[in-house]
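[1] Any chance you could fold what I've pasted below:
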Amino acid sequence: MKLLRFLHKWLGILMAPLLVMWFVTGFFMIFSGFPRVEKEQAFALLDPIGSTDSLPSTGELIDWYQTHTVTGANPTTLSLKREEGRAVLSLSGEQGVVLMDLRSQKPIVDIPPTLEELTEKTLRLTGLSPARVDTLHQLNQWLPFASRREDLPFIKVSVEDPKSTTLYFSGKSGQLLQETNQSNRWMAYFGAIPHWIYFWPIRQDVELWKGIFVVLGIIGCVMIISGIIVGVVWTVKSRRSSRRRWSPFSKRSGKWLYWHHISGLLFGLIVLTWMFSGWMSLDSLPRWLTGPSPRSELYTIRDGGAITGDEMMHFEPILAQHPNAKQVTYSHYMGRPYYRLEESAKPATYLVYNDDGSLAQLALSQEEVVSYLNDLDLAIEVKEASVLHHYKGDYLPHPRGKRKPPLPVLDLLTAEGTTLYIALDEPYLSVQNRATRLNNWAYQKLHSLKFVWSYEHPTLWLCIMLFLLTGGAIVSVTGLVLGWRALKRALKHRSNNHQRRREVQQG
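    Residues are numbered from 1 along each chain as shown. Next comes the predicted model:
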């Protein structure tokens, strides 16, 4: 008990400020995350594709891709859009992405944006001209990720509007990288930035950032577990005493100890759950517990294979029927070619081109998918298969997430114990097995209460989350006060001892 009290006390002095911060910022995290470029903003910079010059043949595009990557490489995806007045064809494959100017059929290289181009983009996004343009030569608070170094320098454009909007563009290509305004900046300052430790000098070093979370998670779990054990022992002894109280501390003489003890009994497991699941957000359970992860080959089912030279693409008929299309993508899914049509920021439409020249919605059958899987050289033995029209435990969206996994999906169990969720109306694949489910429990379910009931009853989920956050905050704040008092006593005691030694030496 002495060791547990020692651990809880001194580790609590270290962790209490962080726990208070995490619980307080958790309230803001429910309603707003870290700012990012939304689909609406990205599509505001695109023009309708309209009519285009004739596309090169599929064989010519493959040759062009190999010329600008490596011999023998085939693209898996072709995407057409109109940006800055020119039709751009994006060819993607295992060797990366290459952009073609459709008119000149030359690769598009990064060109630093001009002030005129930045002004036009700012007008499209905000309706106003730039009030100030700055060049930034290092990562900052709103672009803290190491992967963004390749876009340096950043062009920061400030706009004098009621929202105090700020835009960040790549200084190499002119791509919109970030959009912030006064509202989402303040929400991030009180929410995502401290909660995720998104301070850019730390966040730019991914390994350092992850290491901090892991170390704090381990320390926090040890501190909380020791506190729970001590608190339960105190309660048992107090209940067995003549007074039969839940806490040995008095509301009057030791109110902070009393409320920390009582709130710890009520919410200690919740605090432990969130500390552990926060740690698991950047780590995973040991393999000896979870077993092996799904075979990496299973994830390649989603890719659908490379585009071959004998395929016929039908961009022109699609553009003729959809004049407002801003992006059309051609690829394969479950052995079938399909077109992803995006006319606005709304969800995309997935089309297939029939032999009679008509367009139809992508709609696969269970038999087609199973037949395709059997033809693959992946040794997939289907044990059970059924079409799922409702979300279930390991296939469901976040309670407040914007992106929802598609329905219906084929729920397919293989002989090796892996479950494949294969969407029938759009290209989507989720691979689950014991390891992914346990890790999902360790993070998503414990941290966000990501269950079917929380998706079906979002208001109930919100009320429960706010209640639990309040309880965790009470435990943390009372612990912070007690820790501060203990630290002051320790420092005062040390100062007194030092003073006595000096007096002895002088006397």
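[2] Averaged pLDDT, the strand or helix carrying residue 219. What do you get?
    Following DSSP states H and E, one finds residue 219 within helix 206-240. Mean per-residue pLDDT for helix 206-240: 92.
[3] now stretch 400-418
    pLDDT averaged over stretch 400-418 gives 90.
[4] List of residues touching the worst-scoring helix or strand of the chain on mean pLDDT?
    The least trusted helix or strand in the chain, going by mean pLDDT, DSSP states H and E, turns out to be helix 315-321, with a mean of 85. Contact partners of helix 315-321, identified using C-beta atoms under 8 Å, 6 or more residues apart in numbering, comprise 49-52, 54-55, 80, 325, 328, 330, 339, 341, 351, 353, 357, 359. Quick note: C-beta positions are derived from backbone N, CA and C, even for glycine.
[5] what's the answer for stretch 150-158, then?
    By C-beta under 8 Å, 6+ apart, stretch 150-158 touches 113, 118, 122, 130-140, 143, 148, 165-175, 177.
[6] With stretch 362-378 instead?
    Contact partners of stretch 362-378, identified using C-beta under 8 Å, 6+ apart, comprise 295, 297-298, 301, 333-336, 338, 350-352, 380, 382, 385-387, 410, 412, 422, 424-426.
[7] Of those residues, which belong to strands?
    In strands, defined here by DSSP state E, the members of the contacts of stretch 362-378 are 333, 336, 338, 350-352, 382, 385-387, 410, 412, 422.
[8] got the angle for the strand or helix carrying residue 9 vs helix 206-240?
    Assigning secondary structure by DSSP H and E places residue 9 in helix 2-31. If you take axes from the mean of the first three to the mean of the last three C-alpha atoms, to 10 degrees, helix 2-31 sits at 120 degrees to helix 206-240.
[9] mind listing what's buried in helix 2-31?
    4, 7-9, 11-13, 15-16, 18-20, 22-30 (16 or more other C-beta atoms under 10 Å).
[10] now for the very next helix or strand once past it, which elements pack on it?
    Using DSSP H and E, the helix or strand that follows helix 2-31 in sequence is helix 39-44. Here helix 39-44 touches helix 115-126, strand 176-180, going by 3 or more C-beta pairs under 8 Å, 6 or more residues apart in numbering; DSSP states H and E.
[11] quick one: average pLDDT of the longest helix along the chain?
    Taking DSSP state H as the criterion, the chain has its longest helix at helix 458-506. Averaged across helix 458-506, pLDDT comes to 87.
[12] What helices and strands are in contact with it?
    helix 2-31, helix 255-280, helix 452-456.
[13] what's the angle from the first one to helix 255-280?
    Between the direction of helix 2-31 and that of helix 255-280, the angle (the same axes, to 10 degrees) works out to 70 degrees.
[14] what's the helix or strand where residue 91 lies in contact with?
    Assigned by DSSP H and E, residue 91 falls within strand 86-93. With contact meaning C-beta under 8 Å, 6+ apart, strand 86-93 is reached by 49, 52-53, 55, 61, 64-65, 69, 73-82, 97-103, 108, 306.
[15] Buried among these? Need that as a selection in PyMOL.
    Filtering the contacts of strand 86-93 down to the buried ones (16+ other C-beta under 10 Å) takes a single PyMOL command:
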select buried, resi 49+52+55+61+64+65+69+73+74+75+76+77+78+79+80+81+82+98+99+100+102+108
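[16] Which positions in the strand holding residue 91 come out as buried?
    87, 88, 89, 90, 91, 92, 93.
[17] Tell me the first helix or strand C-terminal of that strand.
    strand 96-101.
[18] Show me the strands paired with that next one, marking each as parallel or antiparallel.
    strand 86-93 (antiparallel), strand 106-107 (antiparallel) (DSSP bridges).
[19] and the contacts of stretch 362-378, which are buried?
    The buried subset of the contacts of stretch 362-378 (16+ other C-beta under 10 Å) comprises 295, 298, 301, 333-334, 338, 350-352, 380, 385, 410, 412, 422, 424, 426.
[20] For the residue nearest to residue 54 when sequence neighbours are not counted, give its distance to residue 77.
    Setting aside the residues directly before and after it, residue 54 is nearest to residue 316 in space (C-beta to C-beta, 6 or more residues apart in numbering), at 7.9 Å. Distance, residue 316 to residue 77, using C-beta to C-beta, to the nearest Å: 19 Å.
[21] What of residue 35?
    Counting by C-beta to C-beta, the gap from residue 35 to residue 77 is 28 Å.
[22] just residue 104 next, same as before
    22 Å.
[23] Which residues are in contact with residue 442?
    Taking C-beta under 8 Å, 6+ apart as the criterion, residue 442 is in contact with 276, 277, 280, 284, 285.
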